[in-house]
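Engineer: Give me coordinates for this.
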Amino acid sequence: MRRRGSLHVITLAAALSMGVAGARAADEAKYPDWQAQWKNASGGHFNAAKPRMKQEAPLTAEYQAIYEAGVANAAAGGQGNDPMWRCIPPGMPRAMIVYEGMEIAITPNMTYIAIEVLNQLRRIHTDGRDWPADMDPSYAGYSIGKWVDEDGDGKYDALLVETRALKGPRVFDSTGIPLHRDNQTVVKERIYSDKSDRNVLHDDITTIDHALTRPWTVTRSYQRVRDPVWTEQICSENNHHVLIGKENYYVSEDGYLLPVRKDQPPPDLKYFNLPPK
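Structural biologist: Below you'll find the predicted structure:
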C-alpha cells in the first residue's frame, strides 16, 4: 500500500507541476515577442520628425539661450552642452535614441531594457507597486510600467512606462538641447509593436521638464535584428578628452595637451611649483 500511495503522490506532484508549467506558458503567451536586438531606425537626433538642428524643442527663454550658447561653443570647436564626451551616460529620455543596440527581456514583475552604449540598464517594475518614498536619483531613473491589452484579444499590446528620480547632467541629444538643472524630469512612454510589421518597435516618449514650456512628445522607432552581433562599449577606453577647470582639452597620441578650439587659453597651473620667469 505504501508503494501505491507513493505512486499516487508522485503522480499528483507531476500533474501539479505540469499545471504550473502550463499556466506559466499561458501567462508568458500574453506578452509580445520582443526578444531580439533592436537597432535605432530614427536617426541620432531626438525628434526624428525634424531636422537635426531644427528640433523645435519647446524650451523656455532661459533654456533656449543655454542651448544656443552650447551650439556656438560646439561650432567653435568645443563640446557644447553634451556631457557624453566625459563618459557620462545619456540618461533618460536620451537613452532611448539607442545609438547602438538594445535588448528587451520581459518577466511578469519586471521588464529589462539593456542598451549597449555605456552599458545602460533600465529596470521597469510591472508588479503593481507605487512610487517609493525615497528614490536614489540615477541616469536611468526609477521606472514603473503597466502592460495593456488595447484591442481586447487577451494579449498585451503595449507597455506604458513612467520614469522619475533622474539625475544630471542630461541633454536630449548630441546637439545639446538641455533639460532643467533641477532634475525634476518625468518621462512617460508607450512602447508597442508596429501593427503592420512586428519587426518594428515604436516608443512614444513624452518629456515633462521645467526647461520646457509644455510636455514634448516624440516617437522613436527600432528595427529587429534576428541574428545580432553584440559589441562592448567602454567609453573611458582610449578617451583622449579631459576636463580641466571648466575647459575641455585633448590629449594627443604622444601624451601632450592640445587645445580643442582656436585661441583656447591653457589650463591654470596654480597648484604646480613653476620656476620663476
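
Engineer: Tell me where the protein has strands.
Structural biologist: Secondary structure of the chain, counting by DSSP state E: strands at 37-40, 101-106, 110-115, 120-125, 142-148, 158-164, 186-193, 200-208, 216-225, 241-244, 247-251, 257-258.

Engineer: how about the ones you listed in TSV, adding distance to residue 234 and mean neighbour count?
Structural biologist: All C-beta atoms are positioned from the backbone trio N, CA, C, and that covers glycine. Formatted as TSV, the strands of the chain follow (distance: least, C-beta to C-beta, whole Å; neighbours: other C-beta atoms under 10 Å):
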stretch	distance to residue 234	mean neighbour count
strand 37-40	19	19
strand 101-106	15	19
strand 110-115	14	19
strand 120-125	13	18
strand 142-148	25	18
strand 158-164	25	21
strand 186-193	26	19
strand 200-208	26	19
strand 216-225	22	18
strand 241-244	15	13
strand 247-251	17	16
strand 257-258	23	11
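
Engineer: how near is residue 57 to residue 175?
Structural biologist: Using C-beta to C-beta, to the nearest Å, residue 57 is found at 9 Å from residue 175.

Engineer: Return every residue with contacts to both of those two.
Structural biologist: Jointly contacting residue 57 and residue 175 under the rule C-beta atoms under 8 Å, 6 or more residues apart in numbering are residue 67.

Engineer: These two: who's more crowded?
Structural biologist: When residue 57 and residue 175 are compared for neighbours, residue 57 comes out ahead with 24 against 21, by other C-beta atoms under 10 Å.

Engineer: List the buried residues of stretch 65-85.
Structural biologist: Residues 66-67, 70-71, 73-74, 78-85 are the ones in stretch 65-85 that count as buried (16 or more other C-beta atoms under 10 Å).

Engineer: Return the member of those nearest to residue 235.
Structural biologist: The shortest approach to residue 235 among those belongs to residue 84, at 7.7 Å (C-beta to C-beta).

Engineer: Quick check: the closest one touching residue 176?
Structural biologist: No - Residue 84 is not in contact with residue 176 according to C-beta atoms under 8 Å; the separation is 10.3 Å.

Engineer: What are the contacting residues of stretch 70-83?
Structural biologist: 53, 66-67, 85, 169-171, 174-178, 241, 248, 259-262, 264.

Engineer: Please tell me how far it is from the chain's geometric centre.
Structural biologist: 22 Å (C-alpha atoms, centre = their mean, to the nearest Å).

Engineer: Using PDB, write out the CA atom coordinates for it.
Structural biologist: Only the C-alpha atoms of stretch 70-83 are listed here, as PDB (Å, rounded to 0.1, in the frame of the first residue of the first chain):
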ATOM      1  CA  GLY A  70      26.100  75.400 -26.400                       C
ATOM      2  CA  VAL A  71      25.700  75.300 -30.200                       C
ATOM      3  CA  ALA A  72      28.000  78.300 -30.600                       C
ATOM      4  CA  ASN A  73      30.600  76.600 -28.300                       C
ATOM      5  CA  ALA A  74      30.400  73.400 -30.400                       C
ATOM      6  CA  ALA A  75      30.800  75.400 -33.700                       C
ATOM      7  CA  ALA A  76      34.000  77.000 -32.200                       C
ATOM      8  CA  GLY A  77      35.500  73.500 -31.500                       C
ATOM      9  CA  GLY A  78      34.200  72.800 -28.000                       C
ATOM     10  CA  GLN A  79      31.800  70.100 -26.800                       C
ATOM     11  CA  GLY A  80      28.800  72.300 -26.400                       C
ATOM     12  CA  ASN A  81      26.200  71.100 -23.800                       C
ATOM     13  CA  ASP A  82      26.700  67.400 -24.500                       C
ATOM     14  CA  PRO A  83      28.200  65.700 -21.400                       C
END
